[in-house]
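Student: For reference, the sequence and a predicted model appear below.
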Amino acid sequence: MATCVCSDYFTTDDDGLLCLIPGSQGLRQRLVFSTPGNYQFTKATYPWLARIDVQVQGGGGGSAGADAAAGECIARPGGGGGGYARSLIEASALGASESIVVGAGGAGGVGNAAGGPGGASSFGGSVLANGGDGGNAFMVTGTVPDAVNGAVGAPGGAGQYASGGGGSGAAIRVSGSVGISGVGGYSFFGFGGGGRGDQGAGLATRGRGGGAGGALSYGTAFNGSDGGNGIVFVDLYG
């Protein structure tokens, strides 16, 4: 009795061996690069590869530290959210080796130093997500009303789809004992840190790529918070 196979999924090679048709197998593996740093993707490791779906998330910006004089107030805005990009790439368009970068979240400021910017994340030279700006340290210690703008979110990067990150919340001082720090900017994969009305350090992010929440000081020094680290996903289709 003859055996038939589905021609949508199988073919025979020149030696008569039954083989799967490249690209017919769907998603076979997901690679996740979550620790900031540099990596390599080697195409030959996956001889069955038909295409990849790449998502990259940039790091979020850190927030500034706040150190007001006794009886005075400093409120800090949040850090900006990191950008996001995505591309579907055929295996034939990949180089033998493609570089991967996972951007770190920006460092929180100490004393009255500004927050650091988030690092960009990328895959090869075609998919790029920028990092968010760090929160500024423009407000000086005082008791009179004042307000400063939040950080602009990361600009759009590169890819078949590329989106900038969310901007952060402004900081407001009402008096020497009343103020509000700004929330961190959101990202595709994460939430920014919250703002605060009681004095304290900048609040941490959730997920990946969010901007840090701003610190608030009524005469005691508090550090800013670090922005959320980026992340890179590479889905492998056979």
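Tutor: Arrived safely, thanks for sending.

Student: where along this structure do the helices fall?
Tutor: Using DSSP state H, no helices are found in the chain.

Student: Where does the prediction get shaky in it?
Tutor: Applying pLDDT under 70 to the chain flags the ranges 1-23.

Student: one more time with 90
Tutor: Within the chain, the segments meeting pLDDT under 90 span 1-25, 152-153.

Student: Give me the buried stretch members for stretch 132-141, please.
Tutor: For stretch 132-141, a neighbour-count test (16 or more other C-beta atoms under 10 Å) marks 132, 133, 134, 135, 136, 137, 139, 141 as buried. Every residue, glycine included, has its C-beta placed from N, CA and C.

Student: Now the terminal residues of that stretch, how far apart.
Tutor: 26 Å (C-alpha to C-alpha, to the nearest Å).

Student: Quick check, residue 171 in contact with residue 181.
Tutor: Yes - counting by C-beta atoms under 8 Å, residue 171 does reach residue 181; the two are 5.3 Å apart.

Student: next one: phi and psi at residue 193?
Tutor: Per-residue torsions, residue 193: phi -70, psi 150 (degrees, to the nearest 10).

Student: can you count the residues close to it?
Tutor: Number of residues near residue 193 (other C-beta atoms under 10 Å) recorded here: 34.

Student: Of residue 171 and residue 181, give the one with the bigger neighbour count.
Tutor: Higher neighbour count among residue 171 and residue 181: residue 181, with 37 against 31, using other C-beta under 10 Å.

Student: And residue 45, how close does it get to residue 91?
Tutor: Look at residue 45 and residue 91: by C-beta to C-beta, to the nearest Å, they are 12 Å apart.

Student: and what of residue 192?
Tutor: Residue 192 sits 37 Å away from residue 91, going by C-beta to C-beta.

Student: quick one: which of those two has more around it?
Tutor: residue 192 (40 against 18).

Student: thinking that one is in contact with residue 168, fair?
Tutor: Yes - in this structure residue 192 lies within contact range of residue 168 using C-beta under 8 Å: 6.4 Å.

Student: what residues are shared contacts of the two?
Tutor: Taking C-beta atoms under 8 Å, 6 or more residues apart in numbering as the criterion, residue 192 and residue 168 both touch 78, 79, 81, 183, 184, 185, 211.

Student: Identify the residue spatially nearest to the fourth one, adjacent ones excluded.
Tutor: In this case it means residue 183. Closest residue to residue 183 apart from its sequence neighbours, by C-beta to C-beta, 6 or more residues apart in numbering: residue 169 at 4.0 Å.

Student: could the shared contacts of residue 192 and residue 168 go into CSV alongside neighbour count?
Tutor: Converted to CSV, these look like this (neighbours: other C-beta atoms under 10 Å):
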residue, neighbour count
78, 43
79, 51
81, 39
183, 29
184, 43
185, 38
211, 49
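
Student: now, which of the residues you listed sits nearest residue 196?
Tutor: Distance ranking of the shared contacts of residue 192 and residue 168 against residue 196, using C-beta to C-beta, places residue 183 first at 9.3 Å.

Student: so that closest one sits right up against residue 195, yeah?
Tutor: Yes - between residue 183 and residue 195 there is a contact under C-beta under 8 Å: 4.5 Å.

Student: okay, and the common contacts of those two?
Tutor: Contact with both residue 183 and residue 195 is made by residues 78, 169, 213, 214, according to C-beta under 8 Å, 6+ apart.
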